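Chemist: give me coordinates for this.
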Amino acid sequence: MPESETIIRPAICDDVAALAAFIETFVAEGRILPRTVDELAELVSHGFVAESAGRIVGFAALEVYSPKLAEVRSLVVAAEMQGHGIGRKLLAACVEKAHSLNVLEVLAITSEEAFFRSCGFDFTLPGEKKAMFIQTRELP
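Modeler: You can find the predicted model right below:
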């Protein structure tokens, strides 16, 4: 289905149940971390839904940590809808939201490096700043 038939809109509280069902496949595949209904309810305030023919076909949220930093969370697009620019539009909506909130930097933790690089993300920031991580426990 072409991207022209898909709309990107702000997520609303009424989307939470449908989003919980939509992300189940991605969680089962290990593509994203599990989200409780309560976590999704918090994410929708800065989240965006891709909708086609009345059903959710994509989702992404911006979690704002401070005026300096926000993170793109749970960016997923239904398998049959991938390759039509939906993920790119969801990501752009998150970055624009960060810009409108005057957030300085947006990060993404991903296994889809090529996609994020194609959207302007990189491993370093001006001044060669890099994000570094340590995992404190194993995932269930």
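
Chemist: mind listing what's buried along stretch 73-81?
Modeler: By 16 or more other CB atoms under 10 Å, the buried positions in stretch 73-81 come out as 73-78, 81. Where C-beta positions appear, they are placed from N, C-alpha and C, glycine not excepted.

Chemist: just the buried positions in the longest helix along the chain, please.
Modeler: Counting by DSSP state H, the longest helix found in the chain is helix 86-100. The neighbour-count check on helix 86-100 (16+ other CB under 10 Å) flags 86-87, 89-95, 97-98 as buried.

Chemist: pull the CA atoms of it into PDB?
Modeler: C-alpha atoms of helix 86-100 as PDB (Å, rounded to 0.1, in the frame of the first residue of the first chain):
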ATOM      1  CA  ILE A  86       6.300   5.500   6.700                       C
ATOM      2  CA  GLY A  87       9.100   4.900   9.200                       C
ATOM      3  CA  ARG A  88      10.900   8.000   7.800                       C
ATOM      4  CA  LYS A  89       7.800  10.100   8.300                       C
ATOM      5  CA  LEU A  90       7.300   8.800  11.800                       C
ATOM      6  CA  LEU A  91      10.900   9.600  12.600                       C
ATOM      7  CA  ALA A  92      10.600  13.000  11.100                       C
ATOM      8  CA  ALA A  93       7.500  13.700  13.200                       C
ATOM      9  CA  CYS A  94       9.500  12.800  16.400                       C
ATOM     10  CA  VAL A  95      12.400  15.000  15.400                       C
ATOM     11  CA  GLU A  96      10.100  17.900  14.600                       C
ATOM     12  CA  LYS A  97       8.400  17.400  18.000                       C
ATOM     13  CA  ALA A  98      11.800  17.600  19.700                       C
ATOM     14  CA  HIS A  99      12.600  20.700  17.700                       C
ATOM     15  CA  SER A 100       9.300  22.300  18.700                       C
END
